[in-house]
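J.: Sequence first, predicted coordinates after that:
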Number of protein chains: 2
Amino acid sequence: MKIIIVGGVAGGMSAATRLRRLDETAEIIVFERGHYVSFANCGLPYFVGGVIRNRGDLLLQTPQSLGARFSLDVRVDTEVVQIDRAAQTVSVRDMLTGEENTEHYDRLVLAAGASARSGAVSDTTIPTHTLRTVDDVDHITAVLAESGAASAVVIGGGFIGLEAVENLVHRGVHVTLVQRGPQIFTPLDPEMAAPVLDRVRERGVDVRLNTTVTGHSGQSVTLSDGTTVPADLVIDASGVRPDVTLAEQAGLRIGESGGVWVDGTQATSDPLIFAVGDGVEKTDAVDGSGTLVTMAGLANRHGRSVADSIAGTAEQAAPALGTGILGIFGLTVALVGWNEKRLVDAGRAHRIAHTHPANHAGYFPGAEGMSIKLLIDAESDAILGAQIVGGAGVDKRIDVLAVAMAAGLGASALTRLELAYAPQYASAKDPINQLGYVADNLAQGTSVNLQWHELDAARAAGSVLVDVRSAGEFAAGSIPGALNVSLDELRARLADLPRAPLIVHCQVGQRGHTAARILTQHGFDVQNLDGGYRTWLAGTSSLVVSPIAERVLV
Amino acid sequence: MKIIIVGGVAGGMSAATRLRRLDETAEIIVFERGHYVSFANCGLPYFVGGVIRNRGDLLLQTPQSLGARFSLDVRVDTEVVQIDRAAQTVSVRDMLTGEENTEHYDRLVLAAGASARSGAVSDTTIPTHTLRTVDDVDHITAVLAESGAASAVVIGGGFIGLEAVENLVHRGVHVTLVQRGPQIFTPLDPEMAAPVLDRVRERGVDVRLNTTVTGHSGQSVTLSDGTTVPADLVIDASGVRPDVTLAEQAGLRIGESGGVWVDGTQATSDPLIFAVGDGVEKTDAVDGSGTLVTMAGLANRHGRSVADSIAGTAEQAAPALGTGILGIFGLTVALVGWNEKRLVDAGRAHRIAHTHPANHAGYFPGAEGMSIKLLIDAESDAILGAQIVGGAGVDKRIDVLAVAMAAGLGASALTRLELAYAPQYASAKDPINQLGYVADNLAQGTSVNLQWHELDAARAAGSVLVDVRSAGEFAAGSIPGALNVSLDELRARLADLPRAPLIVHCQVGQRGHTAARILTQHGFDVQNLDGGYRTWLAGTSSLVVSPIAERVLV
């Protein structure tokens, strides 16, 4: 059997090596239009920043090493320009010589990936760089070295944009981050993104929200707000789009999301052609819709599946959760599934829990805090998504939630997980168990909570806000107009409280819950402000910098 | 309703506070025979070591604080000495005055925990200390301070014993670790415990295996091997046993494991009496048998469940996985479920996978290694247990495996988990995904592996061992008598291989797998040595120090 693979990075190369292990006699040719195969895509920003020092460390394999070990015929600088499905051939162009020829295939695997999105900059004469290939990185580091670049503009505060920002700052470059919309890192909800924005600004980055790049003049660019900022270098990290050119030309089905449509075995609408990676549409785990998830983990995983499919041992792909993680100036930002904005847009009934635990026992030195947001299906108690921002231990908790979500555990079942505990690693009630307790209380009706963006409307309708923190905490900063009755005095001061509906809150939500339990049992109508003062503060600060939060106002 | 709780630490106090949140009007009395409630049990060794500096940090709550916030009647220095089930009363003794009185209960919760096991030292005149309460720690730190103790003997290399060893060394004390059996940290299998023993010895600890303490003379103790070692302090960490005195006297059912029997709602054989914590038998997740798991997480979790049960919203407890974690001299050691020894003893058919991944992308600076062992049900592909030893990221992977196990995911399903990836946190194929790939290959028959302790027998029966590492790796250390044919030369050197059954191996198992696939397809009968040279070396080194590994020889 002759198998042709278009694209030699994550998905394509996982398919190629697994295919060889399954079939020693197959002819396997990998065409890669770039000069490198199997390179460390996700390491590129860190090479720009000098965190990864040796360029060779980015190059995990070469055509030679893959030939020796896996008997693969890997041809770099070679572009597949056309597919003839009837003839089962591809037209191939040598990008150095321009020479074209034709190769027959028994099975074809498309792993062309995604391209950095163009069009973010309205003035196309501006020399922007993308950050997606080894060549991109070579160009960027050349500019930085030649000009002794002191300034850069990064367009787009997503995964790649923020990684670029961090690494440029690490190199001593002054960075302006230009964000078209009102929030950076839009996979998060606004109150969860607020500490990320704070951190980025604390590190001296000039963040411009609701702004685009409109012009270019020498070593600076002009922005849509009329200002000019220095820009020895401009990096366009405004997004990627699936590279479906070949598939489209060949008449393969394209999914609703814009990626190549595949079934659960990675087969396209032509059963002899498979597709994998960032260019392919995935099935969303929450609603089953077609979705784009451009993560290396899925590309590798599905690449292996393609090989199994071709070898005749196909299995159905798991739906995509969209698990992602970002390190940014010492913060870890992680997420899985849907966020609140998307649930609101889709009209999906949900519950929300915010917590602010430490990564391990507070009495053990070095505990670091994190903020967790959990989105829960109001009907089924299913976990619909989660967001975590904080220090050490964030990566662990998002993985635990991703597994729970994939396994179909309900949010209340998080209480029952038996996670590893010693005081330097976790708490006897792990943050995940605590999150489960909150979710379980919501599911049982033991607790009724209110979101930070629902507070103003509730108070306007007559609810009274009671802050149950200590007098000292209250004095250090409080929600305007709140009545302060500390939890430990609450039973003695019931007579001081009005018989209106009450909203209680503490710093993070836990004392608020106890207060709500006490008050409910004394006949009060009580809601607990979810995530307490800390979530309210983050949420309202996001309103100050941008109006995005209004989207989730009920 | 009047509820009496016996024991005011993890399980008892979780029950008490949750009960109050559910029932503002109940009368709740907590009796604690010690002087402290709700203290940081798992932090005690770290206070001995000076890692936790402030003794007050160990005392999370006081009777006063619990009274103020939760309206609990907490009575320390008070022992419950008898239960009269017919009268629904307990007899209570004030340990300071000796005064006794009687309290009626509507519901009784036993949370007496476990006691440090006595009897490990045959000569009972030897003044040993246990390490389980705040009083224990006060005694130990007093000895260390008064004598300027330069030497200590720790009996028992389990969780508490090793934590004691680490903390005494941290204080500059010379430590002898006395282990009755041939292996320290017996929850692990021998090849996984080998690096732990190495690390403990590297840090200057004098480890004596197959040894007991037999006598005592001044500031030294004599051992069963006839030697004498200095011992300004002797800590008995040889284990704990459930404290079931009260329950036994009251005629409550005791489980096969020796803990108080409870049903899934934590009710004992008397429906008015509940029990929780280290003194209680749990249901084993692997075989449903009664088991003891003395972990703080379960005590807290089940304490909360007791409150739900009493409040009338009982749910069935999840079976216990026995997830545990230990930090020892910079190594993290974690485990869940059953080990190989136990599976062999029980005659349970199983598969095994050893891997040696890095915690994150190798090209990103600072990657740390770990060794993973996965035990898999041969019939169902269910995960039966796992052990991990290594650096950063071990705690994350054991938690992911614990959740997968609790959720009933098969080992092959680990391939499909969508875990968070960026190069500083994980690999695109996370160690857990990789483990799944190995398990999947075993389940599909794509790979057949052989354990380190099966190697000698297989070679004696005629199998030939082929080391597919590079010549340089081979020269640096190899298994005696192995034939070296590097993977990249394998296809060219097929004619050099004998037509006998082959066992291939590399450093960690991955190249061995590729080699096995090549050779199998060329008609050879091939097995891959699981975990490669590294697991073999660890396993055989454990044989050198002790005969324990013979227990798992097939």
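T.: Yep, it's here. For clarity, every value in this text was computed on a predicted model and none was experimentally measured.
J.: quick check, the helix or strand of chain A with the lowest mean pLDDT touching chain B?
T.: Lowest mean confidence among the helices and strands of chain A (mean pLDDT, DSSP states H and E): strand A:114-116, at a mean of 85. No: Strand A:114-116 does not reach chain B (CB under 8 Å from any CB of the partner chain); its nearest approach is 15.4 Å. Heads up, the C-betas are built off the backbone N, CA and C, glycines and all.
J.: Report all helices and strands that that strand contacts.
T.: Packing partners of strand A:114-116 (3 or more CB pairs under 8 Å, 6 or more residues apart in numbering or on different chains; DSSP states H and E): strand A:240-242.
J.: Partner strands of the strand it packs on and their direction?
T.: The partner list of strand A:240-242 in its sheet, established with DSSP bridges, is strand A:114-116 (antiparallel).
J.: just checking, what packs against the helix or strand following the partner strand?
T.: Next in sequence after strand A:114-116, counting helices and strands by DSSP states H and E, comes helix A:134-147. With contacts defined as 3+ CB pairs under 8 Å, 6+ apart, helix A:134-147 has these neighbours: helix A:44-48, strand A:233-236.
J.: Ok, which of the ones you listed comes nearest chain B?
T.: Taking CB to the nearest CB, helix A:44-48 is the member of the helices and strands packed on helix A:134-147 nearest to chain B, at 6.6 Å.
J.: Quick one: mean pLDDT over the closest one.
T.: In this model, helix A:44-48 has a mean pLDDT of 96.
J.: now for that helix, which elements pack on it?
T.: By 3+ CB pairs under 8 Å, 6+ apart, helix A:44-48 packs against helix A:134-147, helix A:159-170.
J.: Report the buried residues of it.
T.: When burial is assessed from 16 or more other CB atoms under 10 Å in any protein chain shown, helix A:44-48 yields the following buried residues: A:44, A:45, A:46, A:47, A:48.
J.: Can I get these in a markdown table including distance to residue B:275?
T.: Below are the buried residues of helix A:44-48 laid out as a markdown table (distance: CB to CB, whole Å):
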| residue | distance to residue B:275 |
| --- | --- |
| A:44 | 57 |
| A:45 | 55 |
| A:46 | 53 |
| A:47 | 58 |
| A:48 | 60 |
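J.: Tell me if the particular helix or strand that has residue A:432 in it is near chain B.
T.: Taking DSSP H and E as the definition, residue A:432 sits inside helix A:431-444. Yes: for helix A:431-444, a contact with chain B is found by CB under 8 Å from any CB, at A:433, A:437, A:444.
J.: Geometric centre of chain A: which residue is closest?
T.: Nearest residue to the geometric centre of chain A (CA atoms, centre = their mean): residue A:324, 4.0 Å.
J.: Apart from its neighbours in sequence, what residue is nearest that one?
T.: residue A:335 (5.5 Å; CB to CB, 6 or more residues apart in numbering or on different chains).
J.: ok, back up a step: the residue nearest to the centre of chain A is in contact with residue A:297, isn't it?
T.: No: Residue A:324 lies out of contact with residue A:297 (CB atoms under 8 Å); the separation is 9.3 Å.
J.: got any residues that touch both of the two?
T.: Common contact partners of residue A:324 and residue A:297 (CB atoms under 8 Å, 6 or more residues apart in numbering or on different chains): none.
J.: residues touching residue A:15, list them.
T.: Residue A:15 sits in contact with A:5, A:109, A:111, A:274, A:276, A:303, A:304, A:306, A:307, where contact means CB under 8 Å, 6+ apart.
J.: In PyMOL, select just the buried ones from those.
T.: If you want just the buried ones from these in PyMOL, going by 16+ other CB under 10 Å, the selection is:
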select buried, chain A and resi 5+109+111+274+276+303+304+306+307
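J.: Let me see the domain layout of chain A.
T.: Per automatic domain parsing, the structural domains of chain A span A:2-114+A:241-310, A:134-238, A:330-444, A:449-552.
J.: which of these sits most buried?
T.: Among these, domain A:330-444 has the highest mean neighbour count (mean count of other CB atoms under 10 Å in any protein chain shown), at a mean of 22.
J.: so how far does that one reach from one end to the other?
T.: 37 Å (CA to CA, to the nearest Å).
J.: cool, and stretch A:48-56?
T.: 13 Å.
J.: and what of stretch A:467-485?
T.: Stretch A:467-485 has an end-to-end distance of 6 Å (CA to CA).
J.: follow-up on the earlier one: which of the buried residues of helix A:44-48 sits closest to residue A:202?
T.: residue A:45 (19.8 Å; CB to CB).
J.: Tell me who's in contact with that closest one.
T.: A:131, A:160, A:163, A:164, A:166, A:167.
J.: which one of these is nearest residue A:368?
T.: Nearest to residue A:368 among the contacts of residue A:45, with distances taken as CB to CB, is residue A:166, at 18.5 Å.
J.: Does that closest one touch residue A:329 like I think?
T.: Yes: using CB under 8 Å, residue A:166 is in contact with residue A:329, at 5.8 Å.
J.: what residue ranges in chain A score low on pLDDT?
T.: Applying pLDDT under 70 to chain A flags residues A:117-124, A:544-554.
J.: Against the centre of it, work out the most remote residue.
T.: Largest separation from the mean C-alpha position in chain A: residue A:495, at 48.3 Å (CA atoms, centre = their mean).
J.: My reading is that that residue lies in a helix. Confirm?
T.: Yes: counting by DSSP: H, G, I helix; E, B strand; the rest coil, residue A:495 is located in a helix.
J.: Please report the distance of it from residue A:261.
T.: Residue A:495 is 66 Å from residue A:261, where distance means CB to CB, to the nearest Å.
J.: What parts of the stretch 51-200 of chain A come near chain B?
T.: Counting by CB under 8 Å from any CB, the stretch 51-200 of chain A comes close to chain B at A:51, A:52, A:57, A:58, A:60, A:68, A:69, A:70, A:71.
J.: hmm, try it at 10 Å
T.: Applying CB under 10 Å from any CB of the partner chain, one finds that the stretch 51-200 of chain A approaches chain B through A:51-54, A:56-60, A:65, A:67-71, A:159, A:163.
J.: Where helices are concerned, which of those residues count?
T.: Of these, the ones assigned to helices by DSSP state H are A:65, A:67, A:68, A:69, A:70, A:159, A:163.
J.: Closest one to chain B out of those, please.
T.: Chain B lies nearest to residue A:68 out of these, by CB to the nearest CB, at 4.2 Å.
J.: Can you tell me the closest non-neighbouring residue to the closest one?
T.: Nearest non-adjacent residue to residue A:68, counting by CB to CB, 6+ apart: residue B:488, 4.2 Å away.
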